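Asker: model the structure of this input:
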Amino acid sequence: MKILAFESSCDETAASVVEDGRHVLSNIVSSQIEIHRIYGGVVPEIASRKHTEVIAQITKEALRTAGCEFSDIDAIAVTYAPGLIGALLVGVNFAKGLALSLGVPLIPVHHLRSHIAANYIAHPELEPPFLCLVASGGHSHIVEVKSYTSFKVLGRTRDDAAGEAFDKAARSLGFPYPGGKFMDEAAHKGNAEAIHFPRPKVEGSPYDFSFSGLKTAVINCVHNAQQKGIEINKNDVAASFQQAVVDMLSERLMMAADKFGYKKIAVAGGVAANSGLRERLEAECKKRGCSLYMPPLSLCGDNGAMVGSQGYYEFLAGNTAGPELNACANMEIDTLE
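Answerer: Numbers count the residues shown, from 1 in each chain. Alright, predicted model coming up:
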């Protein structure tokens, strides 16, 4: 089964052709990073306009790269929630029109579910159940993946997501947007023990996260140094901050794995590209005798292949939609079964 899949939840317009959920025939991504970098973050209205400008073009490129025609496509999958509402609407409406014109099923896909599915592409042997950390610019969740379409959230951020904290801390240090990559590079050159940043916990919710206080502590550290005319070591700040984030993510994930008896652990989302997190989780899983699954860096960020992969399993579960499908800015991963 060949699925043409679309992703437009934020600032990447992506289209991909995926066969039977695991075989990627094409994966085309049009990034808007250079545009939004001017403003230090994503501007929703600009993102929506750029999606509109390029989505037809990347659809043609995805088909050409896959060696397919529209007549070869068996279904259309699209990210419909959560995300920037204007950006989502571009992808959803384009997908609805295409599915209608081709006479094929339309498959709505949840953004976080698709991030988890990136691991199915990278690891053909991976099957549920397993435990997954989903960490990105907008989300930080610990999720029980009970089946391909059944999920239970064990923990989540109460305020900022890990990726957002990275971007805000990076901006305070003068790094370009998106800051995660630059923070990671700087951390390799710094001393992670130079500054002790807080590792907040949520009372009564051992698997939840809170990154707002950590983000504020970094910003205050930088601003205080600037006000006193003290030259700050950016590499040390980046390394110390990154270690705090990695500590929080890895400790809660492994605590949940120990509590609920999971020996298969996965990580997904943009923050899954962080080298410090990958190294820590490899060490923790090796120590516990757990299997660790991580997508390659190319599948950590938003892309269409992950949507096509999850879309296949949503289709098998009977989760299809008609012309009434609408985008939704906020939706829990376990809303549909």
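
Asker: quick check, pLDDT for residue 337.
Answerer: Reported pLDDT at residue 337 in the predicted model: 46.

Asker: pretty sure residue 233 sits against residue 190.
Answerer: Yes: contact status for residue 233 versus residue 190: in contact at 6.7 Å, counting by C-beta atoms under 8 Å. In this view, the C-beta of every residue, glycine as well, is placed from N, C-alpha and C.

Asker: please compute how far stretch 75-82 lies from its chain's middle.
Answerer: Its chain's average C-alpha position is 15 Å from that of stretch 75-82, according to C-alpha atoms, centre = their mean, to the nearest Å.

Asker: quick one: mean pLDDT over that stretch.
Answerer: Stretch 75-82 carries an average pLDDT of 98.

Asker: kindly report the same for stretch 223-233.
Answerer: For stretch 223-233, mean pLDDT rounds to 92.

Asker: quick one: end-to-end distance for it.
Answerer: Counting by C-alpha to C-alpha, to the nearest Å, you get 13 Å between the two ends of stretch 223-233.

Asker: next one: stretch 265-272
Answerer: End-to-end distance (C-alpha to C-alpha), stretch 265-272: 13 Å.

Asker: same question, stretch 32-47
Answerer: Criterion C-alpha to C-alpha; first-to-last residue distance in stretch 32-47 is 7 Å.

Asker: now that stretch: buried residues?
Answerer: Using 16 or more other C-beta atoms under 10 Å as the test for burial, stretch 32-47 gives 32, 36, 41, 42, 43, 46, 47.

Asker: before we move on, the earlier item: neighbour-wise, which of residue 233 and residue 190 wins?
Answerer: residue 190 (21 against 16; other C-beta atoms under 10 Å).

Asker: list the residues that contact that one.
Answerer: For residue 190, the contact set (C-beta atoms under 8 Å, 6 or more residues apart in numbering) comprises 233, 234, 235, 236, 237, 238, 239, 240.

Asker: from residue 236, how far off is the residue positioned nearest the centre of the chain?
Answerer: When C-alpha atoms, centre = their mean is applied to the chain, the residue found nearest the centroid is residue 269 (2.7 Å). Residue 269 sits 26 Å away from residue 236 when distances are taken as C-beta to C-beta, to the nearest Å.

Asker: and if you look at residue 221?
Answerer: Separation of residue 221 from residue 236 (C-beta to C-beta): 10 Å.

Asker: cool, and residue 321?
Answerer: From residue 321 to residue 236 the distance is 50 Å (C-beta to C-beta).

Asker: next one: residue 102
Answerer: Per C-beta to C-beta, residue 102 is found 55 Å from residue 236.

Asker: same question for residue 322.
Answerer: Residue 322 is 55 Å from residue 236, by C-beta to C-beta.

Asker: neighbour count winner among the two?
Answerer: Using other C-beta under 10 Å, the more surrounded residue of residue 322 and residue 236 is residue 236, with 18 against 10.

Asker: is that one within a helix or a strand, and which one?
Answerer: Assigned by DSSP states H and E, residue 236 falls within helix 234-260.

Asker: by neighbours, which of the contacts of residue 190 wins?
Answerer: For the contacts of residue 190, counting by other C-beta under 10 Å, the largest number of neighbours falls to residue 238: 27 neighbours.

Asker: and the gap between it and residue 148?
Answerer: Relative to residue 148, residue 238 is positioned 37 Å away (C-beta to C-beta).

Asker: could you list everything residue 145 pairs with in the sheet?
Answerer: For residue 145, the beta-bridge partners are residue 130, residue 151 (DSSP bridges).

Asker: so it is in contact with residue 131, correct?
Answerer: Yes: shown here, residue 145 and residue 131 form a contact pair, counting by C-beta under 8 Å, at 7.2 Å.
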